[in-house]
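Trainee: sequence first, predicted coordinates after that:
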Amino acid sequence: MESSAALVPFSQLPSFFSQKPNNRISKAHPTWPSKPRTSLPTRIHCQKMYVPGFGEASPEAKAANNLHSFFTYVAVRIVTAQLEVPAPLCSFKTSFKFSKLMCFWIIYKSVNSKLPEQSYNTEAYEELMEFLSRNSLNDGDKFCADLMRESSRHQALALRILEVRSAYCKNDFEWDNLKRLACKMVDESNTRLMRDYVLETSHVDNEGK
C-alpha cells in the first residue's frame, strides 16, 4: 500500500521560507526606530515660548538696551549727588560743632568710598547741571560723548559717569531683586485685572436679573 502523503501536491505543503512580508511581526515590535520627520519646525522642540517680531535681537537684548540707558541716568544722578555740597555746609546758621562733624564725615566718605574723586565740587556740579539742562539723557551714550567733547573739565565728568555706570551695573544693582519685583508686579497686575473684571461682570449680571 502506497502512502497517502506522496499524493499531496508540493504547492499545498506549508512553506517555512515565504517571501511575503509578515505584517504581524511589525505590529508585534512597536519599539522599532522609525525615520524622524524633518518637516516639523525646529521651535516646536523648544521648551520656551517663541517670541516673534523682534528681528535679530532677543527680548533680553531689548531689555538690556533699556537698562543700559537707565544705568546712565542712575550714574548721572549719583555723580551729581556726589558733587553737590550738602545744604548744612552752605548755611550760615549751622553751628561750628556740627560743621566740624560734617567735615570729618566728608573726609571719611572720601577715604572709604569705592569710587575715586568723592569730594564735593560746587563748580563741577553747576557745570554738569547746566549741561543737563541743554542735553537729553534719552540716549546715554550720546550724552556722555557730547559731555566729553564739551571741555576738559566736562571730559573728566564724563569719565567719572562712565566709571560709576560700570561699577553700579556690576556691583550695586540687585539683579535678583529685579527679577523678584518684576514677577511680583506681573502677578499682582494679573490678579487685579481679573478681580476687576469679575466684579464688573457680576455687577452687570445682577442688574440684568
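Mentor: In hand now; what should we look at? Quick caveat: nothing in here was measured; it's all calculated off a predicted structure. Numbering: from 1, shown residues only.
Trainee: next one: residue 126 from residue 154, what distance?
Mentor: 12 Å (C-beta to C-beta, to the nearest Å). Where C-beta positions appear, they are placed from N, C-alpha and C, glycine not excepted.
Trainee: same question for residue 170.
Mentor: 25 Å.
Trainee: same check on residue 195?
Mentor: Counting by C-beta to C-beta - residue 195 and residue 154 are separated by 52 Å.
Trainee: the more surrounded of these two?
Mentor: The neighbour comparison of residue 195 against residue 154 (other C-beta atoms under 10 Å) goes to residue 154, with 18 against 10.
Trainee: ok, the more buried one touching residue 127?
Mentor: Yes - with contact defined as C-beta atoms under 8 Å, residue 154 counts as touching residue 127 (6.6 Å).
Trainee: packing partners of the lengthiest helix in the chain?
Mentor: If you go by DSSP state H, the chain has its longest helix at helix 175-208. Using 3 or more C-beta pairs under 8 Å, 6 or more residues apart in numbering; DSSP states H and E, no helix or strand is in contact with helix 175-208.
Trainee: pLDDT of it, averaged?
Mentor: Mean pLDDT, computed over helix 175-208, is 90.
Trainee: which residues in this protein form strands?
Mentor: For the chain, no strands are identified by DSSP state E.
Trainee: all helices of it, in order?
Mentor: According to DSSP H, the helices that the chain contains are 23-28, 59-83, 87-90, 96-112, 122-134, 140-148, 152-167, 175-208.
Trainee: would you turn those helices into CSV with distance to residue 49?
Mentor: Formatted as CSV, these follow (distance: least, C-beta to C-beta, whole Å):
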stretch, distance to residue 49
helix 23-28, 39
helix 59-83, 10
helix 87-90, 51
helix 96-112, 47
helix 122-134, 40
helix 140-148, 30
helix 152-167, 32
helix 175-208, 14
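Trainee: nearest to residue 53, of the ones you listed?
Mentor: Taking C-beta to C-beta, helix 59-83 is the member of these nearest to residue 53, at 9.8 Å.
Trainee: could you say what helices and strands the closest one packs with?
Mentor: On a contact count with 3+ C-beta pairs under 8 Å, 6+ apart, helix 59-83 meets helix 122-134, helix 140-148, helix 152-167.
Trainee: now the angle from the first one to helix 152-167?
Mentor: Read it as helix 122-134. Between helix 122-134 and helix 152-167, the angle formed by their directions is 80 degrees, by axes from the mean of the first three to the mean of the last three C-alpha atoms, to 10 degrees.
Trainee: could you do the second one as well?
Mentor: Angular relation of helix 140-148 and helix 152-167 on a 0 to 180 degree scale: 150 degrees, by the same axes, to 10 degrees.
Trainee: show me which residues of helix 140-148 are buried.
Mentor: For helix 140-148, burial by neighbour count (16 or more other C-beta atoms under 10 Å) applies to 140, 143-144, 146-148.
Trainee: now render those residues as JSON lines, adding distance to residue 52 and pLDDT.
Mentor: Listed next are these as JSON lines, based on distance: C-beta to C-beta, whole Å; pLDDT from 0 to 100:
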{"residue": "140", "distance to residue 52": "29", "pLDDT": "93"}
{"residue": "143", "distance to residue 52": "33", "pLDDT": "95"}
{"residue": "144", "distance to residue 52": "34", "pLDDT": "95"}
{"residue": "146", "distance to residue 52": "36", "pLDDT": "95"}
{"residue": "147", "distance to residue 52": "38", "pLDDT": "95"}
{"residue": "148", "distance to residue 52": "39", "pLDDT": "95"}
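Trainee: thank you kindly, that will do.
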